[in-house]
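K.L.:
Need the 3D shape of this:
(2 chains)
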Amino acid sequence: MRILVIEDDNETAAYILRGLSEHGHAVERAPTGRDGLFLATDGSYDLIVLDRMLPGMDGMTLLKTLRAADVRTPVLMLTALGEVDQRVEGLEAGADDYLGKPFVFTELLARVQALGRRPPLQEQVALLQVADLEMDLLKREVRRAGKLIELQPREFRLLEYLLRHAGEVVTRTMLLEQVWDFHFDPQTSVVETHISRLRAKIDRAHGQGRELLYTVRGAGYCLRAPA
Amino acid sequence: MRLPELLRTAAFRLALWQGLLFLLVAAVLAGIVGWQVHMFGRDQLRAAIRADTQRLLEERDEPDRGGLRDEIAERLRAGGTEHTLIALLDAHGKRLTGNLPVSIDLLGLAPGWHTVDMPHGYYADDGDDASAALWLQRLPDGGMLVVGRDRTGLNQLDETLASAFAIASGAALLLALIGGLLLGRSYLRRVRVVGASAQRIMDGDLAARIPARAQGGDEFDLLARQLNAMLARIQSLMESMRQVSNDIAHDLRTPLTHLRQRMETATRATDAQALRAALAQGQHDIDQVLSTFSAMLSIARIEARERRAGFGVVDLSVLLSDLAADYAPVAEERGQRLATRIAAGIAVLGDRRLLQQLFANLIENAMTHSPVHTEIVLNLTSGGERHFLAVVADRGPGIPAAERTAVFKRFYRLDRSRATPGSGLGLALVQAIAELHGFHCAIEDNAPGTRVLLRGARAAPAGSGDLS
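P.N.:
Predicted structure coming up:
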């Protein structure tokens, strides 16, 4: 992916650039808002990582200008110590995702990849599928190898999200935000508990030992067909 | 107090303006009265002149000029006519007799109150210059009789009135000035008192207050009381800020000290595995610091938020049921049980995400402080038609009665929980969110264990507003 990183802090920028390059992305960096806006409007990037606080022109203004100019490139916004209010503000201004600093790199990478693969228009799909695991969104049914699996509402939403991001690493925070709509850090293992319950139902009970839901150490979870 | 300072006081300027206004009113009044008095004097003078004329002409049945001349001469000789001016002219305008000074040119004057028509005689302010009012009467033989009187009396009357007005005005203005100075001095003195208190506070004595009568008093006392209330509020805010700063410093010192020790260990590490372990520990310490910061910022932001900004109707029953569904498996995993009794259809006005965080915090608190095989209770009931009551109760060790208010403070941690992880900010956050919503949060004894009660006002559920 061609990624534009608009970030004024050299150290953070180097950290992001190094990490993204290591994962095979072509990364360019703009140190100021004006440079960033110029590059973002001019070049054709697959994704923009945008710092909220920038000299010259702040990230929010830049984003609004960009969206007003009909530039639809997905934007991942970064901010100092993620704040719920700012998050909402950022999403309303046209950001596609929002990440608070300081962040773990795997978190950024997971979000970058999730955004990069997002189809331009959210297609209305009725059926989600990975290997022999199927989810019928209309009937709200889940089957593994043809056998119906009973899921709690939250488990269903969790699996739906994992299926929509099949093959990608999704982090605990992404799940908290997208599946639970929690915008704080729970002190107990809410995500882990639900993941293990879901795993028990789709993998252990009906999977005949063929695992689909993997734990990626230090990063998150991944639902994918066995290799 | 220096004079220029006094002259600048609002009280002095007010007094001065009032003095000037009074002067203007007095001038109008004096003008009207003066005019009336002047006209009265003039009429008196004319009446006297007419009477004189009448007497001169009445002496003779046949007023021929010779007889009249003799009569006039006789009168003038007899004296007692110092104030009367007389002149007799023949048909050609030649003076025949009289005491009217010859310098006064009578030629060309028609009969009547001609003197009245002489502007300088009547209206000019001549001061001590004697002026006269003259009556010219045509005689049957074509001659002219001129009778007049000294006008000085009238002039003096005018002057007396004018000087009386001037003196009165001067005195009034002087009194206004003195009154203004006195008033200004007393106001300035009271402002000084306020200023001195302000200076003391600026110099660091935050407990200083402006002296004021506790009850009643004038507008200065009222102002002082309000300023004192403001100062008390500021002082308490500053104290809590200082407290928080101390607490932050204290709370961050521990993980930062740990971090330093681990880095020291890491520099001495001989193999890669030990180095990696030390770094991982260091990361954990930093995460702890960051989460403390994050919680602090969240509380600060919530506290700074304008009440009801971005509030909407939140179905508390649904929110709690969802949370219960999310946390029941977690409790189960921990060997605990989450028992819920949630009344349906209870809505409040609030921020859904913050309320979610509030209850998640309470539930997680209860779970972390409860031993295994115990029950955590989550209840939502309506406390009457307008209120709700939410209860989160556990069977943990409980909170001593003396500390049940203190636990809502930032960084407050019970002695026994110092060793357990946590920032000591959870309940402070709960309190901040509750306060933002106008909810009341309290802790009771669950005998054994802790019961956290949250009370607040209900809102009409979204969409059903017009049904009621």
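
K.L.:
Just confirm B:Val377 contacts B:Ala390, I think it does.
P.N.:
No. Distance between B:Val377 and B:Ala390: 10.9 Å, which falls outside the contact criterion (C-beta atoms under 8 Å). Yep, even glycine has a C-beta here, placed from its N, CA and C like the rest.

K.L.:
the more surrounded of those two?
P.N.:
For B:Val377 against B:Ala390, the residue with the higher neighbour count under other C-beta atoms under 10 Å in any protein chain shown is B:Ala390, and the figures read 26 against 18.

K.L.:
and stretch A:17-29, how far apart are its ends?
P.N.:
Stretch A:17-29 stretches 8 Å from its first residue to its last (C-alpha to C-alpha, to the nearest Å).

K.L.:
Any part of that stretch near chain B?
P.N.:
No. Under the criterion of C-beta under 8 Å from any C-beta of the partner chain, chain B is not reached by stretch A:17-29; the shortest gap measures 15.9 Å.

K.L.:
In terms of residue numbering, what are the domains of chain A?
P.N.:
Per automatic domain parsing, the domain ranges recorded for chain A read A:2-116, A:127-223.

K.L.:
mind putting these in a markdown table, mean pLDDT and mean neighbour count included?
P.N.:
Formatted as a markdown table, the entries for the domains of chain A read as follows, by pLDDT from 0 to 100; neighbours: other C-beta atoms under 10 Å in any protein chain shown:
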| stretch | mean pLDDT | mean neighbour count |
| --- | --- | --- |
| domain A:2-116 | 87 | 18 |
| domain A:127-223 | 89 | 17 |
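
K.L.:
Kindly reformat these as a markdown table containing distance to B:His437.
P.N.:
Rendered in a markdown table, the data for the domains of chain A read as follows (distance: least, C-beta to C-beta, whole Å):
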| stretch | distance to B:His437 |
| --- | --- |
| domain A:2-116 | 15 |
| domain A:127-223 | 16 |
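
K.L.:
among the ones you listed, which is nearest B:Met238?
P.N.:
With C-beta to C-beta as the measure, domain A:2-116 is the member of the domains of chain A nearest B:Met238 (24.4 Å).

K.L.:
Go ahead and measure how far the closest one is from the middle of the chain.
P.N.:
Here domain A:2-116 is found 13 Å from its chain centre; the criterion is C-alpha atoms, centre = their mean, to the nearest Å.

K.L.:
Around chain A, pick out the residues from chain B.
P.N.:
For chain B, the contact set with chain A under C-beta under 8 Å from any C-beta comprises B:290-291, B:293-294, B:297-298, B:301, B:305, B:322, B:325-327, B:329-330, B:333-334, B:353-354, B:356-357, B:360-361, B:364, B:367-368, B:421-422, B:426.

K.L.:
Can you say which of the residues you listed are buried?
P.N.:
For those, a burial check counting by 16 or more other C-beta atoms under 10 Å in any protein chain shown picks out B:291, B:293-294, B:298, B:305, B:322, B:326-327, B:329-330, B:334, B:353-354, B:356-357, B:360-361, B:364, B:367-368, B:422, B:426.

K.L.:
In helices, which of the residues you listed appear?
P.N.:
Secondary structure assignment (DSSP state H) places B:291, B:293-294, B:298, B:322, B:326-327, B:329-330, B:353-354, B:356-357, B:360-361, B:364, B:367-368, B:426 from those within helices.

K.L.:
Okay, B:Ala295 and A:Trp180: tell me how far apart.
P.N.:
19 Å (C-beta to C-beta, to the nearest Å).

K.L.:
Hmm, A:Ile16 is touching A:Leu4, no?
P.N.:
No. Counting by C-beta under 8 Å, A:Ile16 does not reach A:Leu4; the two are 11.0 Å apart.

K.L.:
Mutual contacts of these two, please.
P.N.:
When contacts are counted by C-beta atoms under 8 Å, 6 or more residues apart in numbering or on different chains, the set common to A:Ile16 and A:Leu4 consists of A:Val27, A:Val49.

K.L.:
And the strands in the stretch 1-150 of chain B?
P.N.:
Listed in chain order, the strands of the stretch 1-150 of chain B (DSSP state E, counting those that start in this stretch) span residues B:84-89, B:95-98, B:132-138, B:144-150.

K.L.:
Switch those strands over to CSV; also include mean neighbour count.
P.N.:
Shown next, in CSV, are the strands of the stretch 1-150 of chain B (neighbours: other C-beta atoms under 10 Å in any protein chain shown):
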stretch, mean neighbour count
strand B:84-89, 23
strand B:95-98, 17
strand B:132-138, 20
strand B:144-150, 22
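
K.L.:
JSON lines for those strands, including mean pLDDT?
P.N.:
Written out in JSON lines, the entries for those read as follows (pLDDT from 0 to 100):
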{"stretch": "strand B:84-89", "mean pLDDT": "81"}
{"stretch": "strand B:95-98", "mean pLDDT": "79"}
{"stretch": "strand B:132-138", "mean pLDDT": "82"}
{"stretch": "strand B:144-150", "mean pLDDT": "82"}
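
K.L.:
With distance to A:Glu192 as new columns, can those be given to me in CSV?
P.N.:
Compiled in CSV, those are given as follows (distance: least, C-beta to C-beta, whole Å):
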stretch, distance to A:Glu192
strand B:84-89, 129
strand B:95-98, 136
strand B:132-138, 121
strand B:144-150, 123
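
K.L.:
quick one: contacts for residue 210?
P.N.:
Let's take chain A. A:Ala131, A:Asp203, A:Pro226.

K.L.:
nope, chain B
P.N.:
Contact analysis of B:Ile210 by C-beta under 8 Å, 6+ apart lists B:Val193, B:Val194, B:Ser197, B:Ala224, B:Leu227, B:Asn228, B:Leu231.

K.L.:
at 6 Å instead, please
P.N.:
With contact taken as C-beta atoms under 6 Å, 6 or more residues apart in numbering or on different chains, B:Ile210 is in contact with B:Val194, B:Ser197, B:Ala224, B:Leu227, B:Asn228.

K.L.:
Report the buried members of those.
P.N.:
Here the buried ones among these, as counted with 16+ other C-beta under 10 Å, turn out to be B:Val194, B:Ser197, B:Ala224, B:Leu227, B:Asn228.

K.L.:
just curious, which of these is nearest to chain A?
P.N.:
B:Leu227 (33.8 Å; C-beta to the nearest C-beta).

K.L.:
part of a strand, is that closest one?
P.N.:
No. With DSSP: H, G, I helix; E, B strand; the rest coil as the criterion, B:Leu227 is helix rather than part of a strand.

K.L.:
Look up how far B:Gly179 lies from the closest residue to B:Asp322 other than its chain neighbours.
P.N.:
Here the nearest residue to B:Asp322 in space, its sequence neighbours aside, is A:Arg154; by C-beta to C-beta, 6 or more residues apart in numbering or on different chains that works out to 7.9 Å. Separation of A:Arg154 from B:Gly179 (C-beta to C-beta): 81 Å.

K.L.:
Once you drop chain neighbours, what's closest to the most centrally placed residue in chain B?
P.N.:
Within chain B, the residue whose C-alpha comes closest to the C-alpha centroid is B:Leu223; the distance, by C-alpha atoms, centre = their mean, is 9.1 Å. On the basis of C-beta to C-beta, 6+ apart, the spatially nearest residue to B:Leu223 that is not a chain neighbour turns out to be B:Val194, at 7.7 Å.

K.L.:
low-confidence ranges in chain B?
P.N.:
Applying pLDDT under 70 to chain B flags residues B:1, B:59-66, B:79-83, B:101-103, B:114-130, B:306-308, B:413-423, B:461-468.
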